[in-house]
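Q: Quick one, structure for this:
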Amino acid sequence: MAYFWKGEALIKKGVYKTAIKSFTRYLSLAAIIEDLPFESSIVAAHYNLGYCYLKEDNFSSALTYFQKSTKLAEQSKVQYKSHKLYNLVYSDAVIRSADCHFMLNNYNNALTNYFRVVNNNFPGADYSLYQIGVLYGLANNDAKKISNLERLLTEHRKSLFVDDALFELGNTYLVSDDRTAIKYYNRILSDHPQSTYVSKALLQLGSAYLNLEDNDKALEYYTQVVTEYSATPEAQVALLGVWDIAISTSDPQIYIDLLESVPGMNITISAEDSINYHAAEMRYRKGDCENAVKDLTNYINKFPNGFFANNAHFYRGECLFNDNDFLGALKDYEYVADQVRNRFSENALLKVASIYFYKMTDYKHAFENYLQLLYIADYRANSLTALVGLMRSAYHLKEHEDVVKYATQILDFSQATQMDIAEANLYLGKTAMETGDYEAAIVNFTKTAESTTTEFGVEARYLIALVQYRRLEYKASQATCFIIINHIPSYEELVIKSFILLADNYLALGEVFQAKATLQSIIDNYQGEELKQVAIDKLNAILEKERQEAEEIDTGEDDNFIYEEDSIYFEPDSLYFNFEGIEIDNDSTETDDD
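A: Numbers count the residues shown, from 1 in each chain. Presented below is the predicted three-dimensional model:
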């Protein structure tokens, strides 16, 4: 099972090649295990392998595993059909199989699988209808393309692919029926004003009216594209349309006036801007980041307000990020994020927030950027990432109300994974613990511990033991420590922390010999310097106290000596382990006044 959950964690981090190795190893072992839960079944493992290969653009291998996943799901339907994830995984595996066929140019097989989703009304039927329409378009079968896209609009009115379908329908009619095309483009403007297709629809409206020889209307839409979306590729094409109108009407001033009305534009700069940017972008597309950074920098310096400034900053940021120049990348990503919303806005904000959180440990700025991402995110995955980032950042900032707020939203998020839910409960428990609500802390830690044996689950179990210790429930704390030590050995640092907490429990119960033996065992066998030093300090404190008390007996100062375990009190909180680092307070020895 450890290989499976390790694979899940690697997917979450985007380390797909290593995840493939973990799931492959898991499948080699899982064949002899019966009655596996669906979320860690061989069905799920095959699906995850398909997903990893898909992310690596290995469509042939991805197809093989998605097909195996659907076949295994069908064979185990009686066993798993009642599981809430069964239909989602099964239907998505069918869709991804279709996507792989599509990418491999196996269009008939792709159609078969997409229709399978649509005809069975599986989740993703709207996406499948859109893809069916695209496929029929590639086959030059406009009638079937139109009918399937219209079916999407009729049967899935709230689908995320409605604006995609409207745009494709407009493009299809633009070839032969400009007035009908105009109706579909106008629906994008009226019904989906925030869509990323707005600038494209405006451009196509200009083209449609130009085809109808209505130059005034065409100029109106081209002008709108250039003035309102000047940093987009569509603006360049609109300029060409204006150029055509100016030439056809023998009125070049139309083009000149428009260029002069947009800051940073003129006839010469426009041409030079375009060629400089595209040359730099080509290097990026080829993976030549060293030279791409140089060329993109030259472009940005020469055209700071150019058409492709957002693109240039974003792609340069990507190269710098991959080269571990996080401060340089941060500047580029922040530039993009600060502009009027564009195609890179979400990804730029995502990178800005992650750099502040993971690379700079600047949780205040991380929180601010995750919050902005949450507000603008179109993709549900980015919304979830933002919520998790907000929860984590708020925890580091000691903003307990915000931790509870965003953890609760994660629990209510329909696409939250089991790991997301486990982490949310863990942070709810930590917050409750820090505010002294031990009952709530135990409840939330228990939810996490019982839902997963990953690092989240082990940390939750350790914190349960810590709460029990604080509540003077030493025997219960001991028992919880032994569960971690004896049954969950995969996370060494947490196991060592549990041994240290076990020693504290022994000491609290007056079992000084056991406490010393436990600490000595850590010193003798554990290689990690920080936790070993904690064990050394604790053991030295015990020995020093014993020496002092022995001297008191020898000098007759205490003829009725009784060893009081409370005289040496260690607060395990000083050893609290956070997965982003170990915080150690070497001044952890206190005197318990109880």
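Q: pLDDT (mean, whole number) over the strand or helix carrying Tyr333?
A: In the assignment (DSSP states H and E), Tyr333 maps to helix 326-338. For helix 326-338, mean pLDDT rounds to 97.
Q: ok, now stretch 470-485?
A: Averaging pLDDT along stretch 470-485 yields 95.
Q: where's stretch 87-105 relative to the chain centroid, distance-wise?
A: 22 Å (CA atoms, centre = their mean, to the nearest Å).
Q: residue boundaries of the helices in the stretch 51-200 of the chain?
A: 59-75, 77-80, 86-103, 107-119, 125-138, 142-155, 162-174, 178-191, 198-211 (DSSP state H, counting those that start in this stretch).
Q: Could I get the ones you listed in CSV, plus columns for distance to Phe303 and mean pLDDT?
A: Where C-beta positions appear, they are placed from N, C-alpha and C, glycine not excepted. Below are the helices of the stretch 51-200 of the chain laid out as CSV (distance: least, CB to CB, whole Å; pLDDT from 0 to 100):
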stretch, distance to Phe303, mean pLDDT
helix 59-75, 38, 89
helix 77-80, 57, 56
helix 86-103, 35, 88
helix 107-119, 41, 94
helix 125-138, 35, 95
helix 142-155, 39, 96
helix 162-174, 29, 96
helix 178-191, 30, 96
helix 198-211, 20, 96
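Q: Looking at those, which is nearest to Val237?
A: helix 198-211 (5.8 Å; CB to CB).
Q: Can you give me the buried ones in the closest one?
A: 198-210 (16 or more other CB atoms under 10 Å).
Q: go on, stretch 116-130?
A: Using 16+ other CB under 10 Å as the test for burial, stretch 116-130 gives Arg116, Val117, Val118, Phe122, Gly124, Ala125, Asp126, Tyr127, Ser128, Leu129, Tyr130.
Q: swap in stretch 323-331?
A: Phe326, Gly328, Ala329, Leu330.
Q: starting at the chain centroid, how far to it?
A: Using CA atoms, centre = their mean, the offset of stretch 323-331 from its chain centre is 20 Å.
Q: Over to stretch 446-460?
A: 20 Å.
Q: do the same with stretch 233-250
A: Offset of stretch 233-250 from its chain centre (CA atoms, centre = their mean): 41 Å.
Q: State the mean pLDDT of it.
A: On average, stretch 233-250 scores 79.
Q: do stretch 291-300 as well
A: Taken as a whole, stretch 291-300 has a mean pLDDT of 91.
Q: How far does that stretch sit from its chain's centre?
A: The chain centre lies 29 Å from the centre of stretch 291-300; the measure is CA atoms, centre = their mean.
Q: neighbouring contacts of that stretch?
A: Residues outside stretch 291-300 that contact it (CB atoms under 8 Å, 6 or more residues apart in numbering): 276-277, 279-281, 283-284, 306, 308-309, 312-313, 315-316, 319-320.
Q: Show me where the stretch 451-594 of the chain dips below the pLDDT cut-off.
A: Along the stretch 451-594 of the chain, segments meeting pLDDT under 70 span 489, 554-594.
Q: residue ranges of the strands in it, please?
A: Remark: strands assigned in the stretch 451-594 of the chain by DSSP state E, counting those that start in this stretch are 569-570, 577-578, 581-582, 589-590.
Q: mind checking the longest helix of the protein?
A: With secondary structure taken from DSSP state H, the chain has its longest helix at helix 529-554.
Q: can you pull the buried residues of that helix?
A: Within helix 529-554, the residues scored as buried using 16+ other CB under 10 Å are Leu531, Lys532, Val534, Ala535, Asp537, Lys538, Leu539, Ala541, Ile542, Lys545, Glu549.
Q: distance between it and the chain's centre?
A: Its chain's C-alpha centre and that of helix 529-554 lie 46 Å apart, by CA atoms, centre = their mean.
Q: by contact count, what packs against it?
A: helix 492-508, helix 512-525, strand 589-590 (3 or more CB pairs under 8 Å, 6 or more residues apart in numbering; DSSP states H and E).
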